[in-house]
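>>> One predicted model, sequence on top.
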Amino acid sequence: MSTPDRRPFPLFAILGVVALLAVVGVVVAFQRGAPSSAPVTAQAPEAPEAVAPAAAQGRTVKHGQGSSVVPLNPQRVVVFDLVALDILQALAVDVLGVAGDQFPHHLAPFADAKYPRMGTLFEPNYEALHAAKPDLIITGGRSTAKYASLSKIAPTVDLPMGGVNYIDTVVANTELLAGIFGKEEKGRALVAELRASIAKLKETTASRGKGLVVLVTGGRISAYGPGSRFGVIHGDFGVPVAAEGLSASLHGEVIGSEFIREKNPDWLFVIDRDASMGQQGGARQVLDNELVQQTTAWKNGQVVYLDPMNAYLIGGGIQAVEALRHQVAEAYAARTR
């Protein structure tokens with residue numbers, strides 16, 4: 001029985017079949033949109049919708065430390081500045097937490113336990129802050145030095161202090177916070193009222209004699225002129241200057257009763273720092289001496305003890321400034337009755 005003749009299948013035919021199958025595979029893959037076997041360059045995945053660009057999450061706000069992107073309509077706000085707290089209260093904006101434990105006069109409601117303490121004006125409680133999960137932190141004045149560390153926890157804005165342009169700074173801070181919380185109309189009304197009341201006061205102060213502003217603490221006296229932390233009396237309220245050339249430094253110039261007698265102010269505006277800190281104020285005792293008694297201010301009963309809370313502790317809040325203006329206006333009015 002003969003064996004069938006089995007010749008090897010031609011090699012070129014096998015290669016042809018393989019090539020045909022490969023072509024068919026590529027065509028099918030192309031039609032189905034399947035990835036080819038060629039190397040693919042890695043690409044970064046698209047960000048999910050929940051992680052939107054910063055511009056879509058909030059707005060960029062310029063402030064005393066530069067600029068920050070803050071959320072639209074912040075809900076969990078922590079405040080480390082009494083000036084900011086004063087302005088927010090005037091704008092009818094509530095806050096989540098506050099710093100410190102001294103809330104004078106109109107800010108007394110924030111002493112309530114429903115506002116958790118987040119540290120002091122000088123030193124934040126970082127553990128409490130992390131637990132609170134704020135979406136906005138506000139610093140200023142005494143807490144400005146902590147801006148860098150606080151801005152790592154949540155978007156933070158810093159309110160600058162007043163000086164040469166005291167009222168302009170108050171207005172700018174009011175407009176800044178009003179814009180963040182959508183209270184622009186309320187902010188404009190507050191600013192308009194303040195500017196109008198100050199303009200009316202200046203009509204009186206300009207022709208009623210010269211003034212000197214002093215701060216008394218621990219038995220020591222310091223004098224302040226235009227451009228200083230209490231320069232609002234001269235620069236904005238319009239009281240002519242009794243002592244020219246005073247330094248505009250934060251702590252004023254140390255003086256004695258002899259200086260006050262020499263300058264002989266018609267008006268002496270006194271800030272009792274110790275009283276503002278809850279201590280027994282001694283400014284009246286310090287100034288009640290034969291040298292100061294020789295001044296026109298003393299003889300005419302024109303020594304005005306400014307509210308230390310509004311002048312020293314909260315200076316720069318729109319409500320505090322208006323209260324200070326009102327006190328000065330009342331002092332001038334009292335001398336004409």
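Arrived safely. If you're wondering where the values come from, they're calculated on a predicted model, not measured in any experiment.

>>> Report the beta-bridge partners for the spatially most central residue of the chain.
Nearest to the geometric centre of the chain sits L159, at 2.7 Å (C-alpha atoms, centre = their mean). Beta-bridge pairing for L159 (DSSP bridges): G140.

>>> dump the residue contacts of it.
Residues near L159 by C-beta atoms under 8 Å, 6 or more residues apart in numbering: 63-64, 81, 83-84, 138-141, 173, 176-177, 316. C-betas here are computed from N, CA, C, even on glycine.

>>> Would it be right to say that K200 lies in a helix?
Yes: using DSSP: H, G, I helix; E, B strand; the rest coil, the secondary structure at K200 is a helix.

>>> if I pick it, what's in contact with it?
Counting by C-beta under 8 Å, 6+ apart, K200 touches A329.

>>> Report pLDDT for it.
For K200, the model assigns a pLDDT of 97.

>>> Please report how far it lies from A333.
Counting by C-beta to C-beta, to the nearest Å, the gap from K200 to A333 is 11 Å.

>>> E244 - nearest residue in space that isn't next to it in sequence?
Spatial nearest neighbour of E244, excluding adjacent residues (C-beta to C-beta, 6 or more residues apart in numbering): G225 at 7.7 Å.

>>> One more: D236?
Spatially, and ignoring its direct neighbours in sequence, D236 is nearest to I167 (4.5 Å; C-beta to C-beta, 6+ apart).

>>> so what's the one you found scoring on pLDDT?
Per-residue pLDDT puts I167 at 94.

>>> same question, S276
S276 carries a pLDDT value of 75.

>>> quick one: contacts for the residue lying closest to it once chain neighbours are set aside?
In space, and not counting its chain neighbours, S276 is closest to P308: 3.4 Å by C-beta to C-beta, 6+ apart. Going by C-beta under 8 Å, 6+ apart, P308 touches I271, D272, R273, A275, S276, G281.

>>> nearest to H106, of the contacts of L159?
V83 (12.8 Å; C-beta to C-beta).

>>> picking that back up, tabulate the contacts of L159 in JSON lines, adding columns for neighbour count, secondary structure and distance to N289.
Output for the contacts of L159, formatted as JSON lines (neighbours: other C-beta atoms under 10 Å; DSSP: H, G, I helix; E, B strand; the rest coil; distance: C-beta to C-beta, whole Å):
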{"residue": "H63", "neighbour count": "22", "secondary structure": "strand", "distance to N289": "45"}
{"residue": "G64", "neighbour count": "18", "secondary structure": "coil", "distance to N289": "41"}
{"residue": "D81", "neighbour count": "28", "secondary structure": "coil", "distance to N289": "37"}
{"residue": "V83", "neighbour count": "30", "secondary structure": "helix", "distance to N289": "34"}
{"residue": "A84", "neighbour count": "27", "secondary structure": "helix", "distance to N289": "39"}
{"residue": "I138", "neighbour count": "29", "secondary structure": "strand", "distance to N289": "43"}
{"residue": "T139", "neighbour count": "28", "secondary structure": "strand", "distance to N289": "41"}
{"residue": "G140", "neighbour count": "26", "secondary structure": "strand", "distance to N289": "37"}
{"residue": "G141", "neighbour count": "22", "secondary structure": "helix", "distance to N289": "33"}
{"residue": "N173", "neighbour count": "27", "secondary structure": "helix", "distance to N289": "39"}
{"residue": "L176", "neighbour count": "20", "secondary structure": "helix", "distance to N289": "45"}
{"residue": "L177", "neighbour count": "25", "secondary structure": "helix", "distance to N289": "44"}
{"residue": "G316", "neighbour count": "25", "secondary structure": "coil", "distance to N289": "32"}
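
>>> Out of the residues you listed, which is nearest to T204?
Nearest to T204 among the contacts of L159: G316, at 23.3 Å, using C-beta to C-beta.

>>> which SSE is L129 in?
Secondary structure from DSSP states H and E places L129 in helix 126-132.

>>> beta partners for L268?
L212, V303.

>>> Helix, strand or coil: sort out the nearest residue to K202 once chain neighbours are set aside for me.
Nearest residue to K202 in three dimensions, chain neighbours excluded: G238, at 3.5 Å (C-beta to C-beta, 6+ apart). Judged by three-state DSSP, the three-state class of G238 is coil.
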